[in-house]
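Student: Provide a 3D model corresponding to the input given below.
(chains A, B, C and D)
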Number of protein chains: 2
Amino acid sequence: MSVAVAQAPARKGPQTAARIREAALELFSRLGFERATMAEIAAEAGVSQATLHYHFADKGQLWRAAMLQLRAVISEEERLLEAAADAPPEVQLRMAMRLFLRISWNHPALGRIVALEGMAGGERLDWLDAHLIGPRNRRLAELAQAAIDSGALKPFPAATMIITLQAAGAGVINLAPMMRRSFGLDPSEPAAREAHERLILDALLGGLLQPRTT
Amino acid sequence: MSVAVAQAPARKGPQTAARIREAALELFSRLGFERATMAEIAAEAGVSQATLHYHFADKGQLWRAAMLQLRAVISEEERLLEAAADAPPEVQLRMAMRLFLRISWNHPALGRIVALEGMAGGERLDWLDAHLIGPRNRRLAELAQAAIDSGALKPFPAATMIITLQAAGAGVINLAPMMRRSFGLDPSEPAAREAHERLILDALLGGLLQPRTT
DNA sequence: TCATTTTCTGATTTGAAAGTCAGGAATACT
DNA sequence: AGTATTCCTGACTTTCAAATCAGAAAATGA
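Tutor: Below you'll find the predicted structure:
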């Protein structure tokens, strides 16, 4: 009773809501919005289906709440890039891609969600663009454009380069089930991950850089 | 009555079935298996929903029938590659990627389907691997391995390279809705398409080649 | 303790999409 | 023409998942 008790039992609701959001993010990203059912999410979170509706008005709102968990990840990335704002743009771009890969590995949900909704279009993509990925995409494209203007990067359309780099970087991770089926390989092994990082950062990004003229 | 009549009115069924398959491919690839409804496909094909069930037992079989339309595309690609079997592997690989891009532009359904099912896994991916993309994937990986062995390509894992190249090549096309939303760009414009082709074939593929030591 | 609020659930309703079926219309066959 | 076959449809049943609701259980505060 005296001192070391986890002070304040606190309301239990928020904690349950958090568990639900986590389960929802996992299932939405693995299966997409339609295939993921409220019943499955409830089961995964260890609550009844009605509890989902107690904490979140409907499936759409649960989806958005689940996505908002990724905001922290994006913000952290932004913060780290901000700190390197003085470096030459091509150095910043390489750093951005390294961060992108790190996020793709540690939070594969984000890449899968973007791929799913980015293909389908519609209101969920609009929401993602406004709240999660739009500013980031445009910031990266500006970076690429700056690198082009400084002569460090080959002059391809900046937006196309950024989207292509992201698709290439997330491809092996998103398509892990296909890698398994077609090649019997598990791309999440540490060795595979390291080779992948060099492939993207050195080989592919290297191909975009202007050859040194010095 | 005499001569020039379109000989043999022919059975009408196959033609209707073909229209249904086309509508199904379009909708399945744009929306995924679950979001595409039988009612929508029927409307798109201009027939009643019951007609779908007359020609195809259930939704799964319609999906497979729709996919089989892409077999001709894959076979043609294979034929063209076969004809260049004598060229050095890195030349064949570049040609394969050029063909891949051409298919991605002309039949965007294929890339979207592969992305959707390749992420989700499950029985539809198994089917695709067995009937459509597995042999092609493995053939391309062998090509990449040969190019590595001959010293023309940097020694990254062949399967990873192939999947990454495909993801990069199809990325801008698959993610056209996101390009529109985040950048206001339409990647299907001819100019964009040409820049995209050079980006993939020259810059990215170039980054994978060993620098000339001669 | 007792009242009040928060949190949760089982049972039920609603809605939407897949799938079935009996029969009508069109086509082909003799 | 008459018959058989193929093709198609409207109306219906079934299934499944989202959403609602009345009230129980748990936590909180006096």
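Student: And residue A:121, how far from residue B:39?
Tutor: Distance of residue A:121 to residue B:39, computed by CB to CB, to the nearest Å: 20 Å. Every C-beta, even on glycine, is put in place using the N, C-alpha and C of the backbone.
Student: the more surrounded of these two?
Tutor: Taking other CB atoms under 10 Å in any protein chain shown, residue A:121 and residue B:39 do not tie; residue A:121 has more neighbours (17 against 11).
Student: Only alpha carbons, please: show stretch A:105-118 as CSV.
Tutor: Provided in CSV are the C-alpha atoms of stretch A:105-118 (Å, rounded to 0.1, in the frame of the first residue of the first chain):
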residue,chain,number,x,y,z
TRP,A,105,11.4,-3.3,-41.9
ASN,A,106,10.3,-2.3,-38.4
HIS,A,107,6.8,-1.3,-39.3
PRO,A,108,5.8,-3.3,-42.4
ALA,A,109,2.2,-2.3,-41.8
LEU,A,110,2.9,1.2,-43.2
GLY,A,111,4.3,0.0,-46.5
ARG,A,112,1.5,-2.5,-47.0
ILE,A,113,-1.2,0.1,-46.2
VAL,A,114,0.3,2.6,-48.6
ALA,A,115,0.5,0.0,-51.4
LEU,A,116,-3.0,-1.2,-50.9
GLU,A,117,-4.7,2.1,-50.7
GLY,A,118,-2.3,3.8,-53.1
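Student: How about the contacts made by residue A:47?
Tutor: Going by CB atoms under 8 Å, 6 or more residues apart in numbering or on different chains, residue A:47 touches A:16, A:19, A:20.
Student: mind checking how far it is from residue A:38?
Tutor: Residue A:47 is 11 Å from residue A:38, by CB to CB.
Student: where exactly do the helices run in chain A?
Tutor: Ranges of helices in chain A, per DSSP state H, are A:13-35, A:38-45, A:49-55, A:59-68, A:71-83, A:89-106, A:108-120, A:123-128, A:134-149, A:158-174, A:176-183, A:190-198, A:205-208.
Student: nearest spatial neighbour of the residue in chain A positioned nearest to DNA strand C, skipping sequence neighbours?
Tutor: The nearest approach of chain A to DNA strand C comes at residue A:13, 2.4 Å away (CB to the nearest atom of the strand). Ranked by CB to CB, 6 or more residues apart in numbering or on different chains and with sequence neighbours excluded, the top spatial neighbour of residue A:13 is residue A:55, at 7.1 Å.
Student: Residue A:152 too?
Tutor: Nearest non-adjacent residue to residue A:152 (CB to CB, 6+ apart): residue A:90, at 3.9 Å.
Student: Report the contact partners of residue A:104.
Tutor: A:110, A:111, A:169, A:170, A:173.
Student: let's see 7 Å
Tutor: Counting by CB atoms under 7 Å, 6 or more residues apart in numbering or on different chains, residue A:104 makes contact with A:111, A:169, A:170, A:173.
Student: For the residues you listed, please prepare CSV with the additional fields pLDDT and distance to DNA strand C.
Tutor: Below are those laid out as CSV (pLDDT from 0 to 100; distance: CB to the nearest atom of the strand, whole Å):
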residue, pLDDT, distance to DNA strand C
A:111, 96, 28
A:169, 97, 34
A:170, 97, 29
A:173, 96, 30
